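> give me a 3D structure for the following:
(one chain, ligands or ions: 1)
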Amino acid sequence: MTPLRLGVNIDHVATLRNARGDTYPDPLRAAEVAIVAGADGITAHLREDRRHIRDADIAALAALCQRLGRPLNFEMAVTAEMEALALKLAPHAACLVPERREEVTTEGGLDLAGGFDRIAPAVRRLAGAGIRVSCFIDARDDQVDAAAAAGAQIVEFTTGPFCDAVRAGDPEADAYLALLARAARRAADAGLEVHAGHGIDYATVGPVAVIPEMRELNIGHFLIGEAVFLGLPAAIRGMRERMDAARATAVA
Ligand code: PXP
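Alright, predicted model coming up:
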């Protein structure tokens, strides 16, 4: 089966740093450690309110990833400010996400179908600059079709509803997983590369990793939390092992 890449989101190393207004722990060091431990790429979200990653971090991360030959996946809201920054940084990929200031984290996918006329031109401009454009969407037909029509190369499906349901012992979890699998097939049939992320932990990574069309998972909060107990390299290796084990049992 096609290998599955692991993108490690290091935002919450910056959350911890910012809690004390100091210079440590350094998200740049976390990115370097993550790559050595087996991360295939680094993901970072420069939020409009700069609550974790800051402008200087993202510039330094772009330089680090370039030096180490690893992709940087720049998560960004669809705003003129973020688009200008992405065009300047020229990361390997830009993942377009919805953003509301009052939210604790990204809640659900981008409404690409509803906001097509605003978002599709941004997709085209970023893609025209050679950036691989990913759209973070819910596992719904209309959103997949909108991503393909907008000219995105990648869709990242939100695994939040599935992961939340598993943790809550909600029997709807299986239904959410079935939606993900179905949407992944539709996206791949439309020529889109399929990624997934949000809320993934050791218990939920397996069922997502076995979806054959999956090419990349982006995982952050759980890994940084687990690093408190195991250390970041061990937390990442544990995730990698579970991804590989799930993939090995799947039908090609
Ligand atoms: N993918 C996207 C688009 C996200 O917004 C996030 C959260 O920043 C993640 C993946 C990672 O989610 P988590 O931190 O819950 O693993």
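> close to the ligand: what parts of the stretch 151-252 of the chain are there?
When proximity is defined as CB under 6 Å from any ligand atom, the stretch 151-252 of the chain approaches the ligand at 156, 197-200, 218-222. (C-beta placed from N, C-alpha, C; glycine too.)
> biggest separation within the residues you listed, which pair?
Maximum pairwise distance among these (CB to CB): 16.6 Å, between 156 and 222.
> of these two, who's got more company?
residue 156 (31 against 20; other CB atoms under 10 Å).
> for my notes, confirm that one occurs in a helix.
No. Counting by DSSP: H, G, I helix; E, B strand; the rest coil, residue 156 is not part of a helix but strand.
> just the pLDDT for it.
Residue 156 carries a pLDDT value of 98.
> in the sheet, who's paired with it?
As for beta bridges, residue 156 partners with residue 136, residue 195 under DSSP bridges.
> wait, it touches residue 133, no?
No. In this structure, residue 156 is not within contact of residue 133 by CB atoms under 8 Å, at 10.7 Å.
> where do the contact lists of those two overlap?
Common neighbours of residue 156 and residue 133 (criterion: CB atoms under 8 Å, 6 or more residues apart in numbering): none identified.
> which parts of this structure are helices?
Along the chain, counting by DSSP state H, helices occupy 11-20, 27-37, 55-68, 80-89, 116-128, 141-150, 160-168, 173-189, 205-209, 221-230, 232-249.
> next, format these as CSV and append mean pLDDT and distance to residue 74.
Formatted as CSV, the helices of the chain follow (pLDDT from 0 to 100; distance: least, CB to CB, whole Å):
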stretch, mean pLDDT, distance to residue 74
helix 11-20, 97, 12
helix 27-37, 98, 13
helix 55-68, 96, 7
helix 80-89, 97, 6
helix 116-128, 98, 10
helix 141-150, 98, 18
helix 160-168, 97, 20
helix 173-189, 98, 21
helix 205-209, 98, 22
helix 221-230, 98, 18
helix 232-249, 96, 20
